[in-house]
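Visitor: I would like the atomic coordinates for the input below:
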Amino acid sequence: MHPIENIFQVICSHLLPSACIVCGAFQRLNLCVDCLAQLEADQLSNYECCQQCGITLEVSELTEKRCRECITNPPYFDETHCLDRYEGKLQSALHLFKYQRRLACAHGLTSAWNQLMVQVLNDLRADYLLPVPLSPEKLCARGFNQSWELARRIDCDKDIHKNPHILRRHHHTQHQAKENRTNRQIAIQDMFYINPRFQGQLESATVIVFDDVMTSGATLNEIARVLKDNGASHVTNWVLLRTLYPVSRS
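Guide: Residues are numbered from 1 along each chain as shown. Predicted coordinates for the structure are as follows:
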């Protein structure tokens, strides 16, 4: 973070009123203590997740710690860590940030990540932290890449290089939100590539890819394929919100 931006945020935090991104209560922090505690409690209850793709496990899958899909058709990425469910308390805040440019929500979301994902942040060693890229056309239309705006605010080891320029994306006009898993996989093929400026720099690298939402996993799987084709040895997904169930388990 640029020093001037940091000073501006400190001044604003003391002079301007703020509200919790979950409950809306006015107070100094973007995420109040009560809501943070509830998010932490939610993380520890009601479901166990596949270690590889982060999806909720069925009872028959608990022993393996991996879902049937990851066992039958292993993805290119190696593990996935999610802050919360897409249907949970942070969904509204993400939408306000992503579609209405509420920057305070970005600070609140990353504050939740930094406080609740301490174990993940402490245990994992990596070379790069890369956001899922937008196409130049989509970036121009939105004005910012929400995954990068979140990723760059994450507190992590200083040796992990955050870089929004290594991964690139071709423009694609088809909207995927309501597509099933198979159609998403087809649509996303060859959509991503490595910026030629960084060609050869990923050899044997451990890479973290950050995305705001993970649904079918098709996007992150295609990115992991591209990264490993370019020499990466290990790819980990960091995901803000994960859908509770995939678009299709069939």
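Visitor: tell me where the protein has helices.
Guide: With helices called from DSSP state H, the chain shows them at 3-15, 33-43, 68-72, 91-100, 103-116, 118-123, 136-142, 146-151, 181-188, 218-229.
Visitor: so which of the ones you listed gets nearest Leu129?
Guide: helix 146-151 (5.9 Å; C-beta to C-beta). From N, CA and C alone the C-beta is placed, and that goes for glycine too.
Visitor: what is that closest one packed up against?
Guide: Contacts defined by 3 or more C-beta pairs under 8 Å, 6 or more residues apart in numbering; DSSP states H and E place helix 146-151 against helix 91-100, helix 103-116, strand 128-131, strand 206-214.
Visitor: those: which one's closest to Arg169?
Guide: strand 128-131 (10.6 Å).
Visitor: list the buried residues for that closest one?
Guide: Using 16 or more other C-beta atoms under 10 Å as the test for burial, strand 128-131 gives 128-131.
Visitor: for Lys65, state which of the residues you listed is nearest.
Guide: Distance ranking of the buried residues of strand 128-131 against Lys65, using C-beta to C-beta, places Leu129 first at 24.8 Å.
Visitor: so the closest one bridges to which residues?
Guide: With DSSP bridges as the criterion, Leu129 is bridged to Lys162, Ile208.
Visitor: so what's it up against?
Guide: 151, 154, 156, 160-163, 207-208, 210, 238 (C-beta atoms under 8 Å, 6 or more residues apart in numbering).
Visitor: quick one: low-confidence parts of the chain?
Guide: Scanning the chain with the threshold set as pLDDT under 70 gives 1-17, 44-47, 173-185, 245-250.
Visitor: repeat that for 80
Guide: Applying pLDDT under 80 to the chain flags the ranges 1-18, 43-47, 119, 121-123, 171-187, 244-250.
Visitor: re the thing from before, nearest to Gln199, of the helices of the chain?
Guide: Of these, nearest to Gln199 by C-beta to C-beta is helix 218-229, at 11.5 Å.
Visitor: and that closest one, C-alpha only, in CSV?
Guide: Output of helix 218-229 as CSV, limited to C-alpha atoms (Å, rounded to 0.1, in the frame of the first residue of the first chain):
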residue,chain,number,x,y,z
ALA,A,218,-13.7,-24.0,-13.7
THR,A,219,-12.0,-20.6,-13.8
LEU,A,220,-9.5,-21.4,-11.1
ASN,A,221,-8.8,-24.9,-12.6
GLU,A,222,-8.0,-23.4,-16.0
ILE,A,223,-5.7,-20.8,-14.4
ALA,A,224,-4.0,-23.6,-12.4
ARG,A,225,-3.5,-25.5,-15.7
VAL,A,226,-1.9,-22.5,-17.4
LEU,A,227,0.3,-21.8,-14.3
LYS,A,228,1.5,-25.4,-14.2
ASP,A,229,2.1,-25.5,-18.0
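Visitor: need the contacts of Leu129 in CSV (columns: distance to Glu87).
Guide: Converted to CSV, these look like this (distance: C-beta to C-beta, whole Å):
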residue, distance to Glu87
Ala151, 23
Ile154, 23
Cys156, 27
Ile160, 30
His161, 33
Lys162, 29
Asn163, 31
Val207, 28
Ile208, 24
Phe210, 20
Trp238, 19
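Visitor: good, wrapping up.
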